[in-house]
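Engineer: predicted coordinates and the sequence they were generated for:
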Amino acid sequence: MPVEELMTAVAAVLVTVPATLVAAHWARRSADRAAEATVAAGQGQSAAAVEVARIQELAGRAYTRDAVRRAAYTDFLRAADVLARTVGELPGTPQAERKGILDQKATAVTEALAAVALANEAEVTASAEALRQQCDRLERLALRRAVLRSALSTLYAAWCPRNPEVCDHQQHITAYLAHEQLCAWGSLGDEERWAQLDDLRDNLEDSGALSAQEVAQLLDVANSATHWNAMIGGWVRDPLLERFGELRAAFVRVACGALEERLAA
Ligand SMILES: [Zn+2]
């Protein structure tokens with residue numbers, strides 16, 4: 001096959017590759033190598049054709065492998081993001097639907113992690129594993145967190161529309177007091193919490209802000225102060241989701257780094 005025809009054939013193969021950065025990269029490299037191979041072959045063009053085919057095949061395989069990796073990393077990141085968003089929105093989700101939605105999103109993260117592990121890049125896998133552990137933590141705390149946060153916003157909305165500290169409306173006062181108690185709950189010792197539990201129950205019931213079922217669930221959560229401050233955060237802080245954000249950024253950095261490194265190799 002004359003060199004011109006060969007190069008046309010190579011170009012024809014290359015234009016069928018999707019016009020992504022990766023494809024452009026391989027196209028450039030493969031064309032360069034094909035040209036080199038053609039020149040180097042010199043004595044026989046069939047040898048050059050074999051070499052071109054071999055390079056094309058290697059490039060194709062590497063391209064496919066990279067595309068699979070990229071898809072696995074993207075899918076994992078998307079699944080983790082969906083879980084974090086679900087956890088964030090859970091306090092506003094009807095109570096009966098919370099667990100089902102949460103389980104589904106958490107399973108998707110575990111499945112997506114398996115594909116990342118198959119891509120077989122140690123550093124990326126380790127980073128993904130760290131992010132998944134935070135997803136697990138979010139999942140474990142999400143239901144208690146939702147009960148707590150949803151109750152806090154309901155109580156806050158039931159505060160006195162004027163000044164709760166000087167108000168004498170029983171429901172406004174007790175909503176305010178219950179809210180204050182819950183905010184301080186994580187810093188109490190076990191005995192102090194036990195001593196205040198009845199008082200908290202009275203305030204919650206007197207506020208009339210929550211249903212009997214919501215009060216029962218909240219008291220159940222308040223029985224243990226484990227991870228309380230992580231769940232409750234603060235007015236603007238949300239430690240669980242902030243930590244998720246940090247580990248997510250680290251994963252993106254490592255995964256993009258790994259993909260780019262191979263591209264430049
Ligand atoms: Zn009032």
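Structural biologist: Happy to help now that I have it. Numbers count the residues shown, from 1 in each chain.
Engineer: from here on, just use CA atoms for contacts and neighbour counts.
Structural biologist: Fine.
Engineer: kindly report the residues of this structure close to the ion.
Structural biologist: C160, C167, H169, H172 (CA under 5 Å from the ion).
Engineer: what residue in this structure comes nearest to the ion?
Structural biologist: C160 (3.7 Å; CA to the ion).
Engineer: over to the nearest residue to that residue once chain neighbours are set aside. Which of the three states is it?
Structural biologist: Spatially, and ignoring its direct neighbours in sequence, C160 is nearest to H172 (4.9 Å; CA to CA, 6 or more residues apart in numbering). Of the three states, H172 takes helix according to DSSP: H, G, I helix; E, B strand; the rest coil.
Engineer: show me what contacts H172?
Structural biologist: H172 sits next to A158, W159, C160, P164, S207 when contact means CA atoms under 8 Å, 6 or more residues apart in numbering.
Engineer: neighbours of the first one, how many?
Structural biologist: Neighbourhood size, A158 [other CA atoms under 10 Å]: 21.
Engineer: thought it was touching T174?
Structural biologist: No. Using CA atoms under 8 Å, A158 makes no contact with T174, being 9.2 Å away.
Engineer: spit out the residues that contact those two alike.
Structural biologist: Residues touching both A158 and T174 by CA under 8 Å, 6+ apart: S207.
Engineer: name the element the residue lying closest to Q181 once chain neighbours are set aside belongs to?
Structural biologist: Leaving aside its sequence neighbours, Q181 sits nearest to L200 (CA to CA, 6+ apart; 7.0 Å). Using DSSP states H and E, L200 sits in helix 190-207.
Engineer: quick check: angle from the helix or strand that that helix is followed by to helix 190-207?
Structural biologist: Using DSSP H and E, the helix or strand that follows helix 190-207 towards the C-terminus is helix 212-222. Between helix 212-222 and helix 190-207, the angle comes out at 170 degrees (axes from the mean of the first three to the mean of the last three CA atoms, to 10 degrees).
Engineer: what's the longest helix in this protein?
Structural biologist: Taking DSSP state H as the criterion, the chain has its longest helix at helix 45-89.
Engineer: could you pull up the mean pLDDT of that helix?
Structural biologist: Over the span of helix 45-89, the pLDDT mean works out to 88.
Engineer: now stretch 114-129
Structural biologist: Here the average pLDDT along stretch 114-129 is 94.
Engineer: that stretch: end-to-end distance?
Structural biologist: From its first residue to its last, stretch 114-129 covers 10 Å (CA to CA, to the nearest Å).
Engineer: show me how far it is from its chain's centre.
Structural biologist: Here stretch 114-129 is found 15 Å from its chain centre; the criterion is CA atoms, centre = their mean, to the nearest Å.
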